[in-house]
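In: Sharing a sequence plus its predicted fold:
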Amino acid sequence: QVQLVESGGGLVQAGGSLRLSCAASGRTFSRYAMGWFRQAPGKEREFVAAITWSGNSRYSTDSVKGRFTISRDNAKNTVYLQMNSLKPEDTAVYYCAADRSSAGTNRVYDYDYWGQGTQVTVSS
C-alpha cells in the first residue's frame with residue numbers, strides 16, 4: 001500500500017512558476033513509476049508527466065513540454081513537478097499517482113494509487 005500526499009499548489013500569475021511535491025509513504029516507493037495528472041472543472045483527468053522508477057525515463061504531454069519537468073528523489077520518497085511559464089489553461093487540480101508496474105504511462109487506469117490532489121490556479 002502506498003499513500004500519496006501532494007503539496008505546493010496555489011495561485012500564481014501567468015508566466016509564473018510553482019513546484020509541486022508528492023510525498024509517498026511505504027518502503028517500496030522506489031519500485032514504482034510515478035505520474036502527474038490534472039483535472040480542470042468539467043473535464044476529464046488528463047496526463048501531464050511520468051517518470052520511471054529509476055528516473056532514467058521521463059514523459060510529458062505536448063502541452064507542457066519545455067515548461068514542466070518531473071523528477072524524483074527516491075531517498076526522500078518524493079516526486080516533483082516543476083512548472084514554469086504557467087498559463088491560465090494550466091489551472092486544474094493536480095494529482096500524483098503511483099504505477100506498480102514501474103513502466104510509467106499516460107493512462108489513468110494504469111495507476112494503482114492516487115493522492116488527494118492540490119489546486120493550481122493561474123490568473124491572466
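Out: Yes, it's here.
In: Work out which residue lies at the spatial centre of this protein.
Out: Trp36 (2.3 Å; C-alpha atoms, centre = their mean).
In: so that one sits right up against Thr69, yeah?
Out: No - counting by C-beta atoms under 8 Å, Trp36 stays clear of Thr69, with 10.5 Å between them. (Each C-beta comes from the backbone N, C-alpha and C, glycine too.)
In: Please identify every residue contacting each of the two.
Out: Common neighbours of Trp36 and Thr69, using C-beta atoms under 8 Å, 6 or more residues apart in numbering, are Ala49, Leu81.
In: Just the CA trace of stretch 47-62, in PDB.
Out: Taking Å, rounded to 0.1, in the frame of the first residue of the first chain, the C-alpha atoms of stretch 47-62 are listed here in PDB:
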ATOM      1  CA  PHE A  47      -1.900  13.000 -18.200                       C
ATOM      2  CA  VAL A  48       0.800  15.600 -17.500                       C
ATOM      3  CA  ALA A  49       4.100  13.800 -17.000                       C
ATOM      4  CA  ALA A  50       5.500  10.500 -15.800                       C
ATOM      5  CA  ILE A  51       8.800   9.100 -14.600                       C
ATOM      6  CA  THR A  52      10.100   5.600 -14.300                       C
ATOM      7  CA  TRP A  53      11.300   4.000 -11.100                       C
ATOM      8  CA  SER A  54      14.900   4.800 -11.800                       C
ATOM      9  CA  GLY A  55      14.200   8.300 -13.100                       C
ATOM     10  CA  ASN A  56      16.000   7.500 -16.300                       C
ATOM     11  CA  SER A  57      13.000   7.900 -18.500                       C
ATOM     12  CA  ARG A  58      10.500  10.800 -18.400                       C
ATOM     13  CA  TYR A  59       7.400  11.500 -20.500                       C
ATOM     14  CA  SER A  60       5.200  14.500 -20.700                       C
ATOM     15  CA  THR A  61       2.200  15.700 -22.700                       C
ATOM     16  CA  ASP A  62       2.900  18.000 -25.600                       C
END
